[in-house]
Every structure is written in structure tokens, then in C-alpha cells.
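S.K.: Sequence first, predicted model second:
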Amino acid sequence: MKVSCPQDALARGLATVQRAVATRSTLPILSNILLETEEDRLKMSATNLEIGISCWIDATVRSPGSTTVPARLLSDFVNSLPEGQVDMDLNGRNHTLKLSCDRYKADIRGISADDFPLLPTVDEGVRFSLDPIEMRSMISQAIISSAHDDARPILTGVLMVADPDLGKLTLAAADGFRLSVRDGELDAPIDGRVSIIIPARALAELQRVANDEDDRIDVAITPNRNQVLFQLRDVDIVSQLIEGSFPDYEKIVPPSYTTRVVVNTKALHSAVRIASFFARDAANVIRIRIDAGDELGGTLTVTAQAAEIGGNESEIEASVEGEGLEVAFNAKYLLDVLNVVGSEQAALELSGASSPGVIKPVNDTPFTHVIMPMHIAR
């Protein structure tokens, strides 16, 4: 294999696939990145057997071939090179890749590409496409509620439901303390209803690589519903799906409320963020007090108190519908949803101090976030 490509393109490609490299594995080759030529492009691939990422960059291919080399060493070396052409020449006998750029040279020992796990392609099964801008927004609002604890693997995933009868795509995630549900449009027909659970990490990678994407994202699901493939212009992401039954999230969303408060999102975010500094030493608990006021509106007061360090109080103007009350929430969870609510104003719907709260954007975005309250010590 003899190939040349720009240093900046090679560095970007390596950064894209490196996040799928296995960090702890008994298989040494999973710590490597696969390099292989395809016509006039260089393909880079990495996998940890749960998620696989492939990326293509333009290259001058003088001789075709393939190999795998240690991901971290290759990335560190390429990122340290000056701008210019990187020449790669593979010695197939001992699997040594020679790299040169300007006055810098290196030899990197690799492992035969024949030992690298094959990343699946999906030739059959369900296929549909998604708008990249809407998909990025949907992912950011859903994955904040996915669990990070593997004790309940089903909650580390995000439920994706594509319903052609309703023309709707839904993402839902829950970790036992909060729930995020985001709907989007399914603007092309598909063959039957689809319900799968995708690891949140895979969707986070999709959101990251789709940041500069203008073309639609193609989604393919294997016939046996155990893998999903996302195809972008120059990147493929394949992921194992999580088996099991996702909780019936529709039963978690409160059907009504007794108090509804509309506030400026930035103002509430600022007040919660300041309160979180004091709540760090008080189990991350902050209190929200709602006062209905008069016909002109009301107020929302955010407080936090820690016996060792003190406390704070921030008051925000609010439009209050219903009765006043006081409720406590986890500060981090509130900040997470306020970071992605995506509207100038946010609505908080409540039914009491011990009932779940619902946060929604005050715009046309179909996003619902349910957050469980925390116990208030009297």
C-alpha cells in the first residue's frame, strides 16, 4: 500500500473513528485503526464490537492495500505533523507502516488487516432517511435522560420509534429519575412500524459527526433487528441494538397539572446554575418556590442551602397559572434540560411537591421532559 493524503484531512478522519476504538480489550487489534484504500480514497475504521465507525477521505493511491496500526500512536503522530502531504508506505512482510511528512518520519508496527473484525453493511431490512438538523436536535434533547449505569442496560439506550401511520419519529430516554421524549417528522414512507433501542453512546457519536452535515442521514436496520447503520456523506456508524422492553414512557408523563409557570430560559438557567454552587454540599438539592402574585404575573424563586457553607436566593419574573407551591429538584438534572430546551421561554408544569414536574419549550418543538422531585426536609 502506497498512499498520500493531506495532514489535516487525515487528522480529522482519525479523530472521527478513534472514538470507537476499544480502550480495554483482550483483543489487541481492537486498539488499532484499519487503514485501507478504496479507489481514490483512504478508508479508516475502528470498532469496539458494540460501535463501529468508518470514515473516508480523498487520497492519492499509488498502490492499493490495507493494514491496521495502533490508534493512539498514529493519531498522536499525525496530529503533531505540520500541514502538508502525509506519505504512507506499507511493508507487507512485517506489517510496518512508514509515514513521512516534510522532515518527519516514523515506522509504526501493525497487525494484518485480515484479523480486523468486519463492520457489517445492511443490504436488506428497513431503510429510511432523516434530516440532519432535526436529528441533531432530537438526539441532544433525548440523550440527557439516558442512564450511565450498566445495572439496567435497557436504560442506557434510547428508544427510537418510527411510525409511518402517524408520519412520526420518536426518541425517548429514561434513567429512573427523568424522562425525555422528542418527536420529529418521518417525511418518507417506510415498510412497517419500527421500534428499536439504540445505545445512547452511538447516538452521541452520530450527533457529533453530523455537526457539519447537510445531506440527509440514511438509516438502515438489519432484518433481525440487532444492528443499525447510519450512513452520512463520508462516515458510517454501525451499532449493536439493545435487546429488551423499554418502559412504557407514555404512562410516566403526567396527564395534567395544577400549576404552570412560564419563565425566561436563560434567567432560570442562570439562577439554577448559581444555586448549584451551594447545592454541591447539600445532595445537589435546590428548591423552587412559585408565587402566583396578581394579575400582572408572579415570581419563581430558586434557593439552595448548605449547612456548612451558606445559601443563596434568586428571584425571577414569571407567568404563573394556578396555585403557588414549593418543590425541590436535582440541580444537575435541571441544568441538563435547560441547556437543550431550545426556546427563549420554558414552561414548568407541576401538580404538587411530591409529583413529577414537566418541562417543555414554549414554541412548536414537540419536546417533553419529566423530572422527579426530591424530598424536602422540613
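M.R.: Now that the structure is in, tell me what you want to look at. Numbering: from 1, shown residues only.
S.K.: Can you give me the domain assignment for the protein?
M.R.: When the chain is parsed with automatic domain parsing, its domains come out as 2-115, 126-250, 254-371.
S.K.: could the ones you listed be laid out in TSV, adding mean pLDDT and mean neighbour count?
M.R.: Bear in mind the C-beta positions are built from the backbone N, C-alpha and C, glycine included. Compiled in TSV, those are given as follows (pLDDT from 0 to 100; neighbours: other CB atoms under 10 Å):
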stretch	mean pLDDT	mean neighbour count
domain 2-115	95	17
domain 126-250	92	18
domain 254-371	93	18
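S.K.: Run through the strands of the stretch 51-200 of the chain in chain order.
M.R.: Counting by DSSP state E, counting those that start in this stretch, one finds strands in the stretch 51-200 of the chain at the ranges 51-58, 60-63, 66-70, 85-91, 96-101, 104-109, 126-130, 157-163, 168-174, 178-185, 194-199.
S.K.: Which among those is found nearest to Asp364?
M.R.: For Asp364, the closest of the strands of the stretch 51-200 of the chain is strand 178-185, at 11.0 Å, according to CB to CB.
S.K.: so what does that closest one touch, helix or strand wise?
M.R.: In terms of contacts (3 or more CB pairs under 8 Å, 6 or more residues apart in numbering; DSSP states H and E), strand 178-185 is packed against helix 132-142, strand 168-174, helix 331-340, strand 367-371.
S.K.: Columns distance to Leu119 on top of the strands of the stretch 51-200 of the chain, output as TSV?
M.R.: Conversion of the strands of the stretch 51-200 of the chain to TSV gives the following (distance: least, CB to CB, whole Å):
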stretch	distance to Leu119
strand 51-58	4
strand 60-63	21
strand 66-70	13
strand 85-91	20
strand 96-101	20
strand 104-109	22
strand 126-130	18
strand 157-163	20
strand 168-174	24
strand 178-185	27
strand 194-199	16
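S.K.: Look up how far Pro132 lies from Asp218.
M.R.: Note on Asp218: its distance to Pro132, by CB to CB, to the nearest Å, is 11 Å.
S.K.: Kindly point out which residues are neighbours of both of these two.
M.R.: Taking CB atoms under 8 Å, 6 or more residues apart in numbering as the contact criterion, the residues that touch both Asp218 and Pro132 are Leu232.
S.K.: Contact partners for Phe278?
M.R.: 304-306, 309-312.
S.K.: Can you tell me which of the residues you listed is closest to Val341?
M.R.: The closest of these to Val341 turns out to be Ala304 (CB to CB; 20.9 Å).
S.K.: what sits against the residue nearest to Leu186 when sequence neighbours are not counted?
M.R.: In space, not counting the residues next to it along the chain, Leu186 is nearest to Leu169; the distance is 4.6 Å by CB to CB, 6 or more residues apart in numbering. Taking CB under 8 Å, 6+ apart as the criterion, Leu169 is in contact with 130, 138, 160-163, 183-186.
S.K.: again with Ser54
M.R.: Applying CB under 8 Å, 6+ apart as the definition, the contact partners of Ser54 turn out to be 17, 43-45, 119, 235-236.
S.K.: Next step: those restricted to strands.
M.R.: With strands taken from DSSP state E, the overlap with these comprises 43-45, 235-236.
S.K.: Would you format the residues you listed as a markdown table with distance to Lys98 included?
M.R.: As requested, the ones in strands among the contacts of Ser54 are arranged in a markdown table below (distance: CB to CB, whole Å):
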| residue | distance to Lys98 |
| --- | --- |
| Lys43 | 19 |
| Met44 | 18 |
| Ser45 | 21 |
| Val235 | 27 |
| Asp236 | 28 |
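S.K.: From those, pick the one nearest Pro82.
M.R.: Ranking the ones in strands among the contacts of Ser54 by separation from Pro82, with CB to CB as the measure, puts Met44 on top at 20.7 Å.
S.K.: rewinding a little: quick one: the helices and strands packed on strand 178-185 as TSV, columns for distance to Leu325 too.
M.R.: Supplementary listing: the helices and strands packed on strand 178-185 in TSV, determined by distance: least, CB to CB, whole Å:
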stretch	distance to Leu325
helix 132-142	26
strand 168-174	25
helix 331-340	16
strand 367-371	15
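S.K.: Alright, calling it a day.
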